[in-house]
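In: Need coordinates for the below:
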Amino acid sequence: MFDHSRGVLFPSRLPAFHRFAPPQAAEELVQWFWLPEWNLEPGVVSRQTVVSYPALNLVIEPRGVSLVGATTRMSERTLQGSGWAVGALLRPAAVHTLTSDASSLVDTEQSFRAPDLHAQVVAAMGSASDRHEKAVDIFARWLNTRAGSIPSVVQHANTMPKVLIGEGGANTPAEAAVRLAVSLRTLQRMTHRYIGLPPAAIIRRRRLQDAAHVVREQPSVSLATIAAELGYTDHAHLTGDFRSVLGFTPSDYRTESS
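Out: Numbers count the residues shown, from 1 in each chain. As a prediction, this is how the structure comes out:
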């Protein structure tokens with residue numbers, strides 16, 4: 001159902017990684033759940049490099065629970081030994097119940113107090129069978145209970161992810177505003193409240209994810225063609241976007257990922 005590698009710059013370096021559609025109880029709250037696990041030999045290091053989706057995540061790990069904000073740059077994490085995480089890519093309806101200021105979390109994370117949720121997910125992940133499904137079900141039910149009834153204004157905001165980062169998403173903030181039947185100013189307030197980034201930055205991030213995927217997976221397609229098909233002004237615009245967020249050019253990325 002999901003492309004597990006979208007947003008991951010070097011999929012061959014991934015440990016075991018899964019994405020799950022949310023159970024019905026959490027469909028209005030979560031875009032999907034994600035779950036990496038690793039058990040590396042002593043001395044082995046796995047360096048994960050990701051262009052994250054422009055959204056907040058609630059993440060459970062053995063050490064605790066964190067609310068992670070949207071990012072404006074590439075993120076890296078070095079894995080060693082063994083471990084796991086269970087994360088939820090949040091929709092506005094869930095963000096509404098967890099923080100009143102998504103913009104304060106941009107490029108950072110904060111500890112989130114949810115001891116019962118943490119204990120139950122840790123116990124589920126320690127089971128031998130169906131641990132992924134059990135952990136996701138516990139997580140979904142906890143979010144659903146916390147959210148309760150979703151206000152109508154938040155339900156409207158919940159349509160933003162599809163318009164801004166979904167397949168066939170809007171190419172400009174103005175187009176996104178039209179699709180959502182709101183003014184551009186209202187759209188800006190919505191993204192600030194529930195994601196923490198302006199609409200243009202969210203669209204750029206989706207386009208960069210798409211570009212990285214095509215550069216890596218379709219080596220025969222020219223960079224100029226990729227730029228044109230994804231709405232970049234030209235090849236130089238694509239290269240500039242890569243440099244500013246990732247720190248390298250599309251050509252360098254294509255070479256390293258081949």
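In: Ala88 belongs to a strand, doesn't it?
Out: Yes: remark: Ala88 belongs to a strand, assigned using DSSP: H, G, I helix; E, B strand; the rest coil.
In: Hmm, it is touching Ala21, no?
Out: No: using CB atoms under 8 Å, Ala88 is not in contact with Ala21; the gap is 11.8 Å. Backbone N, C-alpha and C define where each C-beta goes, glycine included.
In: Need the overlap of contacts for those two.
Out: Between them, Ala88 and Ala21 share these contacting residues under CB atoms under 8 Å, 6 or more residues apart in numbering: Trp32.
In: Tell me which of those two has more neighbours.
Out: For Ala88 versus Ala21, the count of surrounding residues by other CB atoms under 10 Å is larger for Ala88: 26 against 14.
In: Could you list the domains of the chain?
Out: By the assignment in automatic domain parsing, the chain contains the domains 11-151, 159-258.
In: Mean pLDDT added to the ones you listed, as a markdown table?
Out: Formatted as a markdown table, the domains of the chain follow (pLDDT from 0 to 100):
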| stretch | mean pLDDT |
| --- | --- |
| domain 11-151 | 92 |
| domain 159-258 | 92 |
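In: Leaving aside the residues adjacent along the chain, what's closest to Met190?
Out: Ala157 (5.1 Å; CB to CB, 6 or more residues apart in numbering).
In: ok, so what distance separates the one you found from Val136?
Out: 24 Å (CB to CB, to the nearest Å).
In: same thing with Pro42?
Out: From Pro42 over to Val136 (counting by CB to CB), the distance is 30 Å.
In: who has more neighbours, these two?
Out: Remark: of Pro42 and Val136, Val136 carries more neighbours, 25 against 6, as counted by other CB under 10 Å.
In: who are the neighbours in contact with that one?
Out: Contacts of Val136 were listed using CB under 8 Å, 6+ apart, and they are Phe20, Pro22, Pro23, Phe33, Leu35, Val86.
In: So what's the residue count around the second one?
Out: Pointing back at Pro22 there. Counted with other CB under 10 Å, residues neighbouring Pro22 total 22.
In: What of His237?
Out: Neighbour number of His237 under other CB under 10 Å is 13.
In: Quick one: residues contacting the nearest residue to it once chain neighbours are set aside.
Out: Distance criterion CB to CB, 6+ apart; nearest residue to His237, sequence neighbours excluded, is Ala227 at 6.5 Å. Neighbour list for Ala227: Ala211, Thr233, Asp234, His235, His237, Leu238 [criterion: CB under 8 Å, 6+ apart].
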